[in-house]
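1. next one to model:
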Amino acid sequence: MRIRTVDAFTDRPYAGNPAGVVIWDEGPFPEDHRLQRLANEINLAETAYAHPLTDDPEADWALRWFTPATEVDLCGHATLATAHVLHTDGAASGTVRFRTRSGILTATTAADGEITLDFPTAPLTGIPVPEGVEAAIGAEVVRAYDTGPLGDLLLELADEKTVRGLTPDQSALTRLPHRCVLVTARAEEGAAPGRGTKGYDYVSRNFAPAVGIPEDPVTGSAHTALAPLWSERLGSDTLTGLQASARTGLVRTTLRGERTELTGTAVTVLDAQLRVQDGDRRARQPR
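-> Numbering: from 1, shown residues only. As a prediction, this is how the structure comes out:
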């Protein structure tokens with residue numbers, strides 16, 4: 001079985017968000033416990049599993065996502081990584097349709113390798129700041145939002161400097177009833193990534209210890225909530241978000257009502273072969 005590691009939402013290796021990608025050519029997915037054990041072994045924020053669909057009129061591939069601890073309903077960076085692998089392998093071109101736990105998702109690869117995902121927009125509802133949240137993240141919250149089916153808590157903070165400087169209490173975050181805790185702020189005036197020529201409009205970070213990820217480097221699905229927030233606030237349907245993790249990454253967002261387009265690039269950094277099958281106690285000798 002071939003396993004790739006792909007850095008998503010970046011155009012250079014060792015940046016963006018790494019995802020494992022496993023193309024399952026042998027038919028339907030195996031038992032869930034095998035997928036979970038392999039995702040735990042790969043030990044990245046997400047591992048994506050895809051297999052081709054031959055009799056589905058709505059989708060070309062089945063797609064699932066696993067963290068080291070659990071299966072999740074939606075993952076942007078691992079979807080982008082999967083589309084990148086299918087494109088570079090020649091297994092797909094143009095627009096690919098994925099059947100997922102979040103419905104049919106599409107990924108369109110341009111000639112230059114840029115990939116645009118079509119995801120459902122997260123509905124935002126303003127809520128009171130939950131008790132204990134400010135102590136958990138170590139900062140005052142300006143506004144808080146529920147993100148509906150996305151299952152995340154979105155927190156707007158005072159400024160970019162505050163977002164970048166957070167050192168949250170991971171144990172306290174784990175006790176909150178949310179998949180992820182997203183923090184965001186408007187970009188500082190004239191802000192631009194240190195290495196690039198493209199500016200960005202807002203910054204974010206994403207903490208998800210509840211699903212085994214202390215901090216996710218670049219989160220595509222989070223931008224389905226960030227896009228409607230900042231598009232309304234800044235008066236533009238197309239914006240660029242910088243996720244200010246140690247690895248950093250850029251996500252271009254285009255709000256189209258109930259759908260949000262997420263655009264970025266990806267780089268394959270590792271191509272490996274699984275040598276020991278689940279349950280096989282005998283490790284094969286290197287050739």
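2. tell me, how many residues neighbour A83?
-> A83 sits with 30 neighbouring residues when counted by other C-beta atoms under 10 Å. For every residue, glycine as well, the C-beta is placed using N, CA and C.
3. next one: D152
-> Residues near D152, counting by other C-beta under 10 Å, number 23.
4. and it, how close does it get to V181?
-> Spatial separation of D152 from V181 under the definition C-beta to C-beta, to the nearest Å is 7 Å.
5. before we move on, what about I42?
-> With the distance defined as C-beta to C-beta, I42 ends up 24 Å from V181.
6. now do F66
-> Distance from F66 to V181, counting by C-beta to C-beta: 21 Å.
7. how about the helices of the protein, start to end?
-> Assigned by DSSP state H, the chain shows helices spanning 32-42, 76-89, 133-137, 160-164, 170-174, 223-234.
8. in stretch 243-259, what counts as buried?
-> For stretch 243-259, the buried set under the neighbour-count rule, 16 or more other C-beta atoms under 10 Å, comprises Q243, A244, S245, R247, T248, G249, L250, V251, R252, T253, T254, L255.
9. want to throw those into TSV with distance to A185 and pLDDT?
-> Output for those, formatted as TSV (distance: C-beta to C-beta, whole Å; pLDDT from 0 to 100):
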residue	distance to A185	pLDDT
Q243	12	95
A244	9	95
S245	15	93
R247	19	93
T248	15	91
G249	17	91
L250	16	92
V251	16	95
R252	18	95
T253	16	96
T254	21	97
L255	19	97
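10. hmm, which two among those are most spread apart?
-> The two members of the buried residues of stretch 243-259 with the most space between them (C-beta to C-beta) are R247 and L255, at 25.4 Å.
11. could you list the low-pLDDT ranges of the stretch 151-287 of the chain?
-> For the stretch 151-287 of the chain, the stretches flagged by pLDDT under 70 are 190-198, 276-287.
12. mind running it again at 90?
-> 177, 179, 188-199, 209-213, 274-287 (pLDDT under 90).
13. likewise the stretch 1-150 of the chain?
-> Residues of the stretch 1-150 of the chain meeting the criterion pLDDT under 90: 1, 24-28, 30, 45, 69, 92-93.
14. which stretches of it form strands?
-> In the stretch 1-150 of the chain, the segments counted as strands under DSSP state E, counting those that start in this stretch are 2-8, 17-23, 46-52, 61-66, 71-72, 95-100, 103-109, 115-120, 125-127, 143-146.
15. which stretch among those strands is buried most, on average?
-> Ranked by average neighbour count under the criterion mean count of other C-beta atoms under 10 Å, the strands of the stretch 1-150 of the chain are headed by strand 17-23 at a mean of 26.
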